[in-house]
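J.: Just to be clear, the model below is a prediction. Sequence and coordinates:
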Amino acid sequence: MPRAADTVRQQRICDNLRTRARLLSAVREHFTQEGYLEVETPVRIPAPLPEAHIDAVSAEGAYLQTSPESCMKRLLAAGYHRIFQICRCFRRGERGSRHLPEFTMLEWYAAGKAYGDLMVRCEALVCHIARRLERGDQINYGSQRIDLRRPWPRITIEEAFDRYADRPLARALSEDRFDEVVALQIEPKLGLDRPVFVCDYPSGHGALARPRTDRSDRVERFELYIAGLELCNGFSELTDPVEQRRRFEQELDRRRQRKGHVPPMPERFLSDLAGMPASAGNALGLDRLAMIFADAGSIDEVTAFVPEEL
């Protein structure tokens, strides 16, 4: 039987769960209207795409997906050029007010598009949700009033360091403190009155993203922030299997240096990558987006069951 405290929490968040349900419906409506095909791919896969700081959960000789990226890109290579998916994803060791080890991801891909197109789609999606939830052009989150009117500002990650951090980007990279500075100094100051896109990340922080044509040390990657919350990670896709293998090997080497578990190389993904068209894809955390629209201070407040209740 559920503990009384669990039942009270679930009763308290009833309105938030209704908001979440309406949000999911609006997401599906938006992509269907835009001609995207909703797909389902396996949750249990033989090899996750290597990323040094994301730990997959083992599952009887395979792994629970950390995102549906590998299978969805294989569908792109097979000729499905506009696809989206809402699915459960799993990452070991992630738990906090903004993190769950099992969470809901929206991921979409479009052939012939680049990361700038994804930013426009993000704007359209969030504004569509706001209309369906009858929120208009402005929403409240905590004490903040956030203006959703488009277009939303875009800044490079280098500009973000110059504005908000105590050291420039180059120094943070040389000291291996990039992630720390972003999380503690930059993220809390982003998107407080308007959503903002942060783009053009260093090449070492975009293992699956295409390099910029004018700067080989930068990749065509962006993240969207609203009210200090990072909501998504999108990029123009790298489609060169030789370069992708090289980057994966670097990611696996980083895992070895951390003495972490080293999963196998995703060979079928690399094989299919050669047939993938120029495209762009985005992964958006729906739990966090639900937090914004439910004005919830914690991810637990938009989740029916958290791990501690199971």
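T.: Cool, the structure landed.
J.: so Glu180, which of the three states?
T.: Three-state call for Glu180 (DSSP: H, G, I helix; E, B strand; the rest coil): helix.
J.: and the gap between it and Arg167?
T.: The spacing between Glu180 and Arg167, counted by Cβ to Cβ, to the nearest Å, is 11 Å. Heads up, the C-betas are built off the backbone N, CA and C, glycines and all.
J.: So if I had to pick from those two, which one is more boxed in?
T.: For Glu180 and Arg167, the more surrounded residue by other Cβ atoms under 10 Å is Arg167, and the numbers stand at 15 against 11.
J.: Excluding chain neighbours, what is closest to the more buried one?
T.: Among residues not flanking Arg167 along the chain, Val181 sits closest, at 6.8 Å (Cβ to Cβ, 6 or more residues apart in numbering).
J.: Next one, pLDDT for that neighbour please.
T.: Val181 carries a pLDDT score of 98 in this model.
J.: burial count for it?
T.: Residues contacting Val181 under the criterion other Cβ under 10 Å number 21.
J.: these two touch, right, it and Leu173?
T.: No. Contact criterion Cβ atoms under 8 Å: Val181 and Leu173 do not qualify, at 9.7 Å.
J.: Quick check: the closest residue to Val120 other than its chain neighbours vs Val196, distance?
T.: Distances taken as Cβ to Cβ, 6+ apart place Pro151 nearest to Val120, at 8.0 Å, with adjacent residues excluded. Pro151 sits 11 Å away from Val196, going by Cβ to Cβ.
J.: who has more neighbours, those two?
T.: Applying other Cβ under 10 Å to Pro151 and Val196 shows that Val196 carries more neighbours, namely 19 against 11.
J.: so who does that one touch?
T.: If a contact means Cβ atoms under 8 Å, 6 or more residues apart in numbering, then Val196 has 152-155, 190, 224-225 as its contacts.
J.: repeat that with 6 Å
T.: Listed by Cβ atoms under 6 Å, 6 or more residues apart in numbering, the contact set of Val196 reads 153, 190, 225.
J.: Can I take it that the last one is in a strand?
T.: Yes. Counting by three-state DSSP, Tyr225 is found in a strand.
J.: circling back to that earlier point, assess the claim that the residue nearest to Arg167 and Ala172 are in contact.
T.: Yes. In this structure, Val181 is within contact of Ala172 by Cβ atoms under 6 Å, at 4.8 Å.
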